[in-house]
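Colleague: Have a look at this prediction, sequence included:
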2 protein chains.
Amino acid sequence: MSFDRLIKRIIETKNPTVAGLDPSFSYVPEFIREKYAGIADPLEAASKAVLEFNCGLIDALCDIVPAVKPQAAYYEAYGWYGMKTFAETVSYAQKKGMYVIADGKRNDIGSTMEAYATAYLGETELYGKKVAPFGADALTVNGYLGTDGIKPLLTPCKEFDKGIFVLVKTSNPSSGELQDRKLYNKKGFPSGNVYEVMGEMCENWGKEVGESEYGYTSVGAVVGATYPEQLAELRQKLPHTFFLVPGYGAQGGGGKGVSGAFDGQGLGAIVNASRSIICAYKKEGCDEQDFAGAARREALRMKEDICSYINLK
Amino acid sequence: MSFDRLIKRIIETKNPTVAGLDPSFSYVPEFIREKYAGIADPLEAASKAVLEFNCGLIDALCDIVPAVKPQAAYYEAYGWYGMKTFAETVSYAQKKGMYVIADGKRNDIGSTMEAYATAYLGETELYGKKVAPFGADALTVNGYLGTDGIKPLLTPCKEFDKGIFVLVKTSNPSSGELQDRKLYNKKGFPSGNVYEVMGEMCENWGKEVGESEYGYTSVGAVVGATYPEQLAELRQKLPHTFFLVPGYGAQGGGGKGVSGAFDGQGLGAIVNASRSIICAYKKEGCDEQDFAGAARREALRMKEDICSYINLK
C-alpha cells in the first residue's frame, strides 16, 4: 500500500536512482544487432536485440541500482514484438530483484483506466486462470482527466502493493506552457499553479490508500530534475508524495539540483537517468562489448554524485 | 496533412460517427470465447477471441461507419498478445476501407514522443527495411507536457497524412477538477479555463501543418459529448480543429447534445460510441450469434439520431 518495497531496495543499495531502459535502436551495440540480422521480420529482430541489450544492462546493474524504468514508447515502436520484449524485460528485472516502474504515462477514465490498471499493475481472470498481463511494480500516469482517471489505479495499488507516479511538473522546456499557468479560485483569489493543484490532488488521492512505514503513500509524483526550485518547494508541500525525478544526466539536471527532492533521511525520491546510463559506452568510448560495464560505472558515478548531497544512510 | 481522408469517408457514408472497439472480455459473446478455451495461455486465448469479435464487428460496420477507434487499454490488458490483436485489428479495418483512430492518449517529450509517433503513425527503418509498427491513421494524445510533447507528432502527420486528437475537455464527471480551473495571465487578468488554453494550443499546433480542403488541420481535439455547452463554445473558438467527441450512448450524451460540435456543413466532428454499439446484442436481447447485426442496427440508429440535428449532405 505504499512505496515501501521500493524504499527498502533504495536503503539496501544505498542508491536513490533508477535506470531508464529506453532502448532506441541506435543505442543497441552493433554486435548485438548483428546477431539477429537473419530474422525476416525487422520488428521481431529488433525486439530480440533490445531484449538482449536490456538483460545485459540488468545483469550489470541489479546489485547496485534498486529499480529500472522501461519506457513503453521505445517498445511500442517495435510493434507487438516490442511489447513482448517489454513484458520479458519486466519479468527479467524482477527475477533479478529489481523494482520495475513501467513508464507509460497512461491516462483514461472509468473502465478504460481499470483496463490499464489491470494491464500494468493488476491481475485479470480469463478462462478460469488469473494472470498479470505485464506485472510491473509501478506505473507513471497523467492526471489531466482528474479523479476518474486515478481512482481505478488505487485498487491494484492496495490489493497488490503497487504504486503510481502522476505527472506533476515535467522536465521538458515547454512544461510551463500549461503546468506553470496560474489559477484563481471561485472567489477570484490566486490559488497556485496548475502543477501545484496536480500535486495537491496527489496528496489527496494518496490519503485514500494510506501512508506507511516511511510516511509515503502509493501515489507518487513525477517532478523534473530540470526545475530545482519547484522540486524543493514541492518536497515541502507534498510530504506524503514520493517523487520520481527524470531529467538527470542527458537532460541537464545534476546531483545538487535534485537534492531538494529528498527528505531529511535522504528518502522521498528516486532519480532517473536513461541515456547517460544505457549509452555510457558511447560517451566513455570503450569497446561496445563492454556496454554493461560502462553502464555500471556511470550508475555508480551518478549514485556518488547524488549521495554526496543527501543524507541517505 | 489534415483530416481530409477521414472527412471524405464521412461524406461518402453520410455518417459522422466512429465505432469504439473497447473489447472488455465480458463483451465478447460466449460462443466466440468458447472456441479458444483450449489454448493454454489465457492471454493468447482471450486475444484471439477478441480479434474474431472485432473482425465480425468491422465486417458489419465497414460500409456504413467511416472509422473505428480501438482503445489501447483493452488490448494491453491482454498483454503483448493483446497488442498483436490491436495491430491485426488496425490492419483488418484499414483493408475494409475504414479510418483507424488509435485511442492511446499517449504523451511524453522529445525522442520518447517520437517513438510513440513512429509506433502509431509513422515508419521506422530497421535492418534496412521500412516498417510501420502499428500503422494507424490517427492517435489520441494528452497535451499536459506542452509543445515538446506534440511537435514530434507533426512530422508523421505531414509525411504520412495522419492526424492527432489532443485531449481538451474530456467526457467524464471529474474532468472539471483541472480542465475547468480558471487561469489568469501575467498581468493578473482572467485568461480562460485550462481546457480553453489547451484548445488554443491545438489551433496553434495545427497552423504548423496547415489546413486543407475542408478547413481543418491534422491537429484535432477530444471534446466530450457530456458537456454540450462547452462543445458548441469550442466549435466557435477553434474553427480549424476537428473534434473527436466521446461520451455518446453509454456515457449519456445524445444526438441533440453533440450537434453543437458540427459546423454549418455538418462537418468538423466525429462522434464515438463504444459499448452501445459493440454490446448492442446484449441491450437488444437478441441471440448473441447476431452480435454484429445488432451492432449494425445500433450504428444506423445512432447515425439517424445525430444526422437529424445536423446539416450533413
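Modeller: Received the coordinates, thanks.

Colleague: Extract the C-alpha trace of the lowest-mean-pLDDT helix or strand in chain A and format it as PDB.
Modeller: Lowest mean confidence among the helices and strands of chain A (mean pLDDT, DSSP states H and E): strand A:190-193, at a mean of 79. Extracted C-alpha coordinates of strand A:190-193, given in PDB (Å, rounded to 0.1, in the frame of the first residue of the first chain):
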ATOM      1  CA  PRO A 190      -5.000  33.200  -6.600                       C
ATOM      2  CA  SER A 191      -4.800  29.500  -5.800                       C
ATOM      3  CA  GLY A 192      -1.500  28.300  -7.200                       C
ATOM      4  CA  ASN A 193      -0.200  26.900 -10.500                       C
END
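
Colleague: same for the helix or strand just after it, what does it pack against?
Modeller: The C-terminal neighbour of strand A:190-193 among helices and strands, as given by DSSP states H and E, is helix A:194-209. With contacts taken as 3 or more C-beta pairs under 8 Å, 6 or more residues apart in numbering or on different chains; DSSP states H and E, helix A:194-209 sits against helix A:147-160, strand A:163-169, helix A:176-179, strand A:219-223, helix A:228-237, helix B:176-179. C-beta here means a position set from N, CA and C on the backbone, and glycine is covered the same way.

Colleague: so where's the stretch 101-250 of chain A uncertain?
Modeller: A:186, A:188-190, A:250 (pLDDT under 70).

Colleague: Can you pull out the residues in contact with the helix or strand encompassing residue A:88?
Modeller: Using DSSP H and E, the element containing residue A:88 is helix A:79-95. By C-beta atoms under 8 Å, 6 or more residues apart in numbering or on different chains, the residues outside helix A:79-95 that reach it are A:21, A:41, A:43-44, A:46-48, A:50-51, A:54-55, A:58, A:62, A:68, A:70, A:72, A:74-76, A:78, A:100, A:102, A:133-137, B:76, B:79-81, B:83-84, B:86-87, B:119, B:131, B:133-134.

Colleague: follow-up on the earlier one: and of the helices and strands packed on helix A:194-209, who's closest to residue B:11?
Modeller: helix B:176-179 (31.5 Å; C-beta to C-beta).

Colleague: Just the CA coordinates for that closest one, please, in CSV.
Modeller: Taking Å, rounded to 0.1, in the frame of the first residue of the first chain, the C-alpha atoms of helix B:176-179 are listed here in CSV:
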residue,chain,number,x,y,z
GLY,B,176,-13.5,19.8,-14.4
GLU,B,177,-11.2,19.3,-11.5
LEU,B,178,-8.3,20.5,-13.6
GLN,B,179,-9.8,21.3,-17.0
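
Colleague: is any part of it close to chain A?
Modeller: Yes: judged by C-beta under 8 Å from any C-beta of the partner chain, helix B:176-179 and chain A are in contact via B:176-179.

Colleague: elements contacting that helix?
Modeller: Against helix B:176-179 (3+ C-beta pairs under 8 Å, 6+ apart) you get helix A:194-209, helix B:194-209.

Colleague: can you list these in JSON lines and add mean neighbour count?
Modeller: Listed next are the helices and strands packed on helix B:176-179 as JSON lines, based on neighbours: other C-beta atoms under 10 Å in any protein chain shown:
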{"stretch": "helix A:194-209", "mean neighbour count": "20"}
{"stretch": "helix B:194-209", "mean neighbour count": "20"}
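
Colleague: For residue B:15, which of those is the nearest?
Modeller: Here helix B:194-209 is closest among the helices and strands packed on helix B:176-179 (C-beta to C-beta), at 24.3 Å.

Colleague: now that closest one: how far from the chain's centre is it?
Modeller: 18 Å (C-alpha atoms, centre = their mean, to the nearest Å).

Colleague: Quick one: residues in contact with it.
Modeller: A:177-178, A:181, A:183, A:194, B:1-2, B:143, B:146-147, B:150-151, B:154, B:157-158, B:166-169, B:178-181, B:183, B:191-192, B:216-221, B:230, B:234, B:237-241.

Colleague: Next, the angle from that helix to helix B:147-160.
Modeller: 40 degrees (axes from the mean of the first three to the mean of the last three C-alpha atoms, to 10 degrees).
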